[in-house]
Structure formats: C-alpha cells, structure tokens
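Q: Sequence below, structure please.
(4 chains)
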There are 4 protein chains.
Amino acid sequence: MAADRDWRAVIPVSEYRLKRRVQFHETDAAGIVHFSWFFRYMEEAEHALWREAGLSIHPPDTEIGWPRVATSFEFRRALRFEDEFEVRIRIAEVTTRTIRYACALVQGDATIANGELTIACVRKRRNEPMKSIEIPADIAARFNAGG
Amino acid sequence: MAADRDWRAVIPVSEYRLKRRVQFHETDAAGIVHFSWFFRYMEEAEHALWREAGLSIHPPDTEIGWPRVATSFEFRRALRFEDEFEVRIRIAEVTTRTIRYACALVQGDATIANGELTIACVRKRRNEPMKSIEIPADIAARFNAGG
Amino acid sequence: MAADRDWRAVIPVSEYRLKRRVQFHETDAAGIVHFSWFFRYMEEAEHALWREAGLSIHPPDTEIGWPRVATSFEFRRALRFEDEFEVRIRIAEVTTRTIRYACALVQGDATIANGELTIACVRKRRNEPMKSIEIPADIAARFNAGG
Amino acid sequence: MAADRDWRAVIPVSEYRLKRRVQFHETDAAGIVHFSWFFRYMEEAEHALWREAGLSIHPPDTEIGWPRVATSFEFRRALRFEDEFEVRIRIAEVTTRTIRYACALVQGDATIANGELTIACVRKRRNEPMKSIEIPADIAARFNAGG
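A: Sure thing, here's the model as predicted:
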C-alpha cells in the first residue's frame, strides 16, 4: 500500500461474485467437473474479493501467510464442460486471527454447491516455523462480515 | 466380476493405507501442497480401497456412478515437496444409498489433516438425469464400516 | 447447429486472444506458474476460438473427438501469481484430418512463451476403437488458417 | 550433501523407470487422461531420477533453480482410469548450462507417447532476476547421458 494512503477511510468489502466458465481440463471421466475444482473455484473468488478490497493475499516477499484451516463443500448438482456459473463468496466472520467465508456456486436460479473456508493469519520467516499472529489492522479494516 | 464368483463369500474391506510422496506440481507459491490436493489424496486412497475390495469405482461403460455429496478437511500441518506421508481412509458408515469415509493424513507420528467424504450411488443413462439408487448388493457386500 | 442455418455463409475464424490472470493454484513452490499450465492456457484459448466459430469442441453425446496428436512449448519468461497476460492462438494449418495451432503467451510487449498444438479428428463409438476420420465439412468451414 | 562425501566417486545415473497408475482426477470428459498430465508424469519421473542420483531438484532454501526451457510430446495412444504404465526417462544431453531428457510412456509393449524436456540451471536471489549459471560440478557429476 502506498504510505500516504489512509486505510481507515477504506470502505470494507464483504462479498464478491465471480463469473466463471467450466474449462475442459476441469472435467473428469464421469463427464462432470471433478469435485476438487470446487475448492479452487472458491479460492479464485476469495482472491478476487481481496483484490476488490485493494489487497493481494500473497504479495511478493511477504512474511504474512494465510494457510487454510478448514474447508467443506456440499454438492447438489453437477457442472459440465462450458457451463457458465457464478461463485458467490462472502465474509461470514472475522476474528482476531481468522477469516471465515461462506460460498455458493449458482447457475441461474439453481444452487450447485455450498462451501465454507476458514483461513488463519501466520508469520513466515526463513528457518522458523509458521507462527499464528493477529490479523494486521490495515488488512482487517478492509473486510467486513456481511449483514 | 466373473459370473460364477460367489460374492457372498467375500471378506469385506473397511480401510486402506496409501503411501504417497508430494510431487512438485502439487505445491504452490507458498511452498506447500495446495489444499485442493488433500481432496485428491483422499480420493486416490478411496479408489485404492475399492481395488482392495476387488472393485473399480468407475469401470468402463458402467451405468452406476458415485457422485460426491459432501466433503471436508481440517488442516493441522503443511506438506512440502518430496515429503512422504500416508493417507488412511476407512469406511465410517454404509447406508442403503450412501458411503461415508473418514480420512487422516499422517506423517510419522504427526497428523497432517483429517477429512470426510460422503458419496451416493446413482444410475446414469444417456439422455436421462442422474437418479439416486440403492447400492447394489454385490457392491455393498464388499465394504464394512470399521469397528 | 440449427438445421436451417447455412454454414457455408459463415465467416471462418483464424485466431483468438484470451485474457487471463494467473490463479494461485497454478503456481508451484518455485513461485512461478507450473509449466504444465501453459498447455492448459493454450487449450482454454483453443476452446474459446471454437466458441467464437460458433462451435463446441466437445458437445454433449458427440461421436466426434479431437485427441491431441502433438504439442510443444518454448518458455522465455516466468508468470507469477495474479499476473495478467494474453493467450494468442491462431490456426496455422488445416488438413483433411488435422488442425494445427500456433500460440503465443504475451504480457505487455514481452513474449512469455510460444507453443504449438496439433489435433486430429476421430470417430468414437462405444465398444469400438477411436478411428481417424476426415474433418466434417460444416466444421472445417468455420476455420481458416491465418494469412 | 555431507561435506566429507567425495562426489567424484559417485556413479552417475542416466535413466529412471517410474511405475504409475492413472488416477481419476487425471482423466477428462473424453474419458482419457488429459494431455497436460503427460508433462506432469514426465516431471515426476525426472524428480525420481534426481532422487536416484542422491539429489533433490528443489531442496529447501536453495538458490539454484531449474526452469523448464522447452518441452514437447507426441501422443500415440490414450490412457484411461486405473491403467498402469511406465514412464521411462533418460538423460539425452548435458551441456554446461542445460540438461535435456528424452521420455517414453509405455504400457506393456505399446508406446503411449514420446516426450522431451530441456531444463536450464539458474541462480535465484531475492530481489534479483533469475540468472543463467553453469551447472555446479557436484550436480553435473551425478548425471550421465545414456549410451
């Protein structure tokens, strides 16, 4: 962030909607998107939400990392090659050390799947183990759990 | 299965331990295995469990499919390039239409992550939507929820 | 294609430019995009080119397939997380049974990599091996090797 | 490497054969292994060859990297879910700054695909661009282009 930018004036973001199309390499021999891809779709939307908030979740040479602590998905419908869908992610909770997202994949009026993802803030230094830390204030100020 | 094989005599399997090494293409720019891979590791162990039971989960030209209904992981430690670990999967529950697995990734004495996966049995016919069906008896006989 | 559509009136396409951003799961522990992803980027652009031509390369229940026969890449520069780049694919040659593409990944004025891909037209029928066939006229009419 | 180890006494390796089984997540909606996976199979065999030579291609905190410079594959046959095959990689050429591999994927007597891969040795330092360097002598001594 530019040193002269007043992050306290930032309007925090609470959700993001990512439009996406199924790519061929994401499908499997059952003819549908492999379930591991839903977690990648969710993460693509998460990182777009961070960009919307004016941040990168992994800037060059950062000492701060955001390992995934827990995640889940419930699958209702399948996605197929070239299907267009939307990944709706929102901040469900921000604690001093974690962020929890709720996510829905939707196609028109149909819900394809619902997911959750919790990440934790850590400090990473060369030759030291990862260490849980509090979310820096200038990052926490960018996010807001939706109403 | 050979037509003359008496599947009722089969000893059902309840768990499988898959030895695995982290491949480079499974890591990400944070220097650790991307979390989406844990779901693939769990599924690789699931399919090895099916082979151990004398079955393929996706034989050629099958009408029966096993879509994933729900899955989750809790992550405790990271895996890095060339780490060797074990994927321990066990049948947690078999109902008339679903199978639920519990999974642990372990490295020596350390638990890396714990996961769950529930799959459902469906019939897939060309030009028809997938239809939930009961698990065929000759398949159900191969699996047994562990004690 | 609608039965009443005169495909002979179609203006054939010869190239496509796909804008893309590097996703986190595409990077590896060296901090750059894993080289296997360049082939997926090229294929994503290929399928977008087909859609631009009014076609899907893999419509539901098709008997026609397009296996990859040969492919290559030369890498000049690395791509990193969140980099924006363009995948420029063009038809280099259409023969009676194959299509050959040339591809460049560019970032601003810099060429990141150059690739090639040759695909062949086959008929796939259940319980028969894949069989090389001539490209159907209504498909061939949609593509044109660039000048 | 241990400082007191005399690497000049090492018998260099020139090839490696990796046994592999197709995993479900490696297949696509055409029912076969997605072509991008052949490059990952080749790299998995490359890294096993390095381990066979007593090396890791990406040890922790290394300043030396091995970016891929060029690669190609010619595909003859398809691989399907649960197929067992072998990845045969051999050192085709070692120059002062590059290593070139030749690779064949085989299944019984059948050749599935043939590939090539050229990698270059670079120094990577924080805040500096990658710089081509000569392959360190203790690494070059471990490899030998096959007869």
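Q: hmm, the helix or strand where A:A45 lies touching chain D?
A: A:A45 belongs to helix A:36-52 when assigned by DSSP states H and E. Yes. Contact of helix A:36-52 with chain D (CB under 8 Å from any CB of the partner chain) involves A:S36. (Each C-beta comes from the backbone N, C-alpha and C, glycine too.)
Q: Just name whatever secondary elements that helix is in contact with.
A: The contact analysis (3 or more CB pairs under 8 Å, 6 or more residues apart in numbering or on different chains; DSSP states H and E) places helix A:36-52 against strand A:15-21, strand A:68-75, strand A:84-94, strand A:98-107, strand A:110-120, helix B:36-52.
Q: Surely A:I32 and A:L79 touch.
A: Yes. With contact defined as CB atoms under 8 Å, A:I32 counts as touching A:L79 (6.3 Å).
Q: ok so, going back, give me the mean pLDDT for the helix or strand just after the helix holding A:A45.
A: For helix A:36-52, the succeeding helix or strand toward the C-terminus, using DSSP H and E, is strand A:64-65. Here strand A:64-65 scores 96 as its mean pLDDT.
Q: Can you give the contact residues for strand A:64-65?
A: A:H58, A:C121, A:V122, A:R123, A:K124, A:M130, A:I133, A:P136, B:A30 (CB atoms under 8 Å, 6 or more residues apart in numbering or on different chains).
Q: Can you give me the pLDDT of A:M1?
A: So, for A:M1, pLDDT stands at 42.
Q: A:E93 - how many residues pack around it?
A: 12 (other CB atoms under 10 Å in any protein chain shown).
Q: what sits against A:W37?
A: If you count contacts by CB under 8 Å, 6+ apart, then A:W37 has A:E26, B:S36 around it.
Q: To clarify, my last question referred to A:I89.
A: A:E15, A:Y16, A:R17, A:L18, A:M42, A:A45, A:E46, A:L49, A:Y101, A:A102, A:C103.
Q: Just give me the closest of those to D:S36.
A: Set against D:S36, the nearest of these by CB to CB is A:M42 (22.1 Å).
Q: can I assume that closest one is in contact with A:R90?
A: No. At 11.4 Å, A:M42 does not count as touching A:R90 under the criterion of CB under 8 Å.
Q: Which of these two has more residues huddled nearby?
A: A:M42 (25 against 19).
Q: what's the closest of the contacts of strand A:64-65 to chain C?
A: Nearest to chain C among these, counting by CB to the nearest CB, is A:H58 at 5.4 Å.
Q: re earlier: now do the shared contacts for A:M42 and A:R90.
A: Common contact partners of A:M42 and A:R90 (CB under 8 Å, 6+ apart): A:Y101, A:C103.
Q: sorry, back to before: avg pLDDT for the helix holding A:A45?
A: 98.
Q: swap in stretch A:118-126?
A: 93.
Q: can that stretch be found next to chain C?
A: No. Judged by CB under 8 Å from any CB, stretch A:118-126 makes no contact with chain C; its nearest approach is 12.2 Å.
Q: cool, and stretch A:99-108?
A: No. Contact of stretch A:99-108 with chain C (CB under 8 Å from any CB) is absent, the minimum separation being 14.7 Å.
Q: and that stretch, is it in reach of chain B?
A: No. Against chain B, stretch A:99-108 shows no contacts by CB under 8 Å from any CB, the least distance being 13.2 Å.
Q: about what we covered before: show me which of the contacts of A:I89 are buried.
A: Among those, those classed as buried by 16 or more other CB atoms under 10 Å in any protein chain shown are A:E15, A:Y16, A:L18, A:M42, A:A45, A:E46, A:L49, A:Y101, A:A102, A:C103.
Q: Surely the last one touches A:I112?
A: No. Taking contacts as CB under 8 Å, A:C103 lies outside contact range of A:I112: 10.8 Å.
Q: dump the residue contacts of the residue nearest to the spatial centre of chain A.
A: Among the residues of chain A, the one closest to the centroid is A:E46, at 2.1 Å (CA atoms, centre = their mean). A:E46 makes contact with A:I57, A:I89, A:Y101, A:L117 under the criterion CB under 8 Å, 6+ apart.
Q: Pull the number of nearby residues for A:P136.
A: Around A:P136 there are 10 residues (other CB under 10 Å).
Q: Can you tell me the closest non-neighbouring residue to it?
A: A:I64 (7.1 Å; CB to CB, 6 or more residues apart in numbering or on different chains).
Q: tell me, how many neighbours does that neighbour end up with?
A: 15.
Q: who does it bridge with?
A: A:R123 (DSSP bridges).
Q: and the gap between it and A:I135?
A: 9 Å (CB to CB, to the nearest Å).
Q: any residues in contact with both of the two?
A: Common neighbours of A:I64 and A:I135 (CB under 8 Å, 6+ apart) are A:C121.
Q: so A:A102 makes contact with A:A92?
A: Yes. Checked against CB under 8 Å, the pair A:A102 and A:A92 is within contact range at 4.4 Å.
Q: Could you name every residue contacting both of those two?
A: Common neighbours of A:A102 and A:A92 (CB under 8 Å, 6+ apart) are A:E116.
Q: mean confidence score for stretch A:81-93?
A: Mean predicted confidence for stretch A:81-93 is 98.
Q: Leaving out chain neighbours, which residue sits closest to A:R68?
A: Nearest to A:R68 is B:F35, by CB to CB, 6+ apart, at 4.4 Å.
Q: Looks like that neighbour contacts B:F73 (just checking).
A: Yes. Between B:F35 and B:F73 there is a contact at 7.1 Å, judged by CB under 8 Å.
Q: For A:S56, give me its contacts.
A: So A:S56 contacts A:H47, A:W50, C:F81, C:E82 (CB under 8 Å, 6+ apart).
Q: roughly how far apart are it and D:Q107?
A: For A:S56, the distance to D:Q107 - CB to CB - is 44 Å.
Q: Phi and psi next, for A:I139.
A: Note on A:I139: its backbone torsions stand at phi -90, psi -50 [degrees, to the nearest 10].
Q: number of nearby residues for the residue nearest to it when sequence neighbours are not counted?
A: Distances taken as CB to CB, 6+ apart place A:L55 nearest to A:I139, at 6.5 Å, with adjacent residues excluded. Neighbours of A:L55 under the rule other CB under 10 Å: 19.
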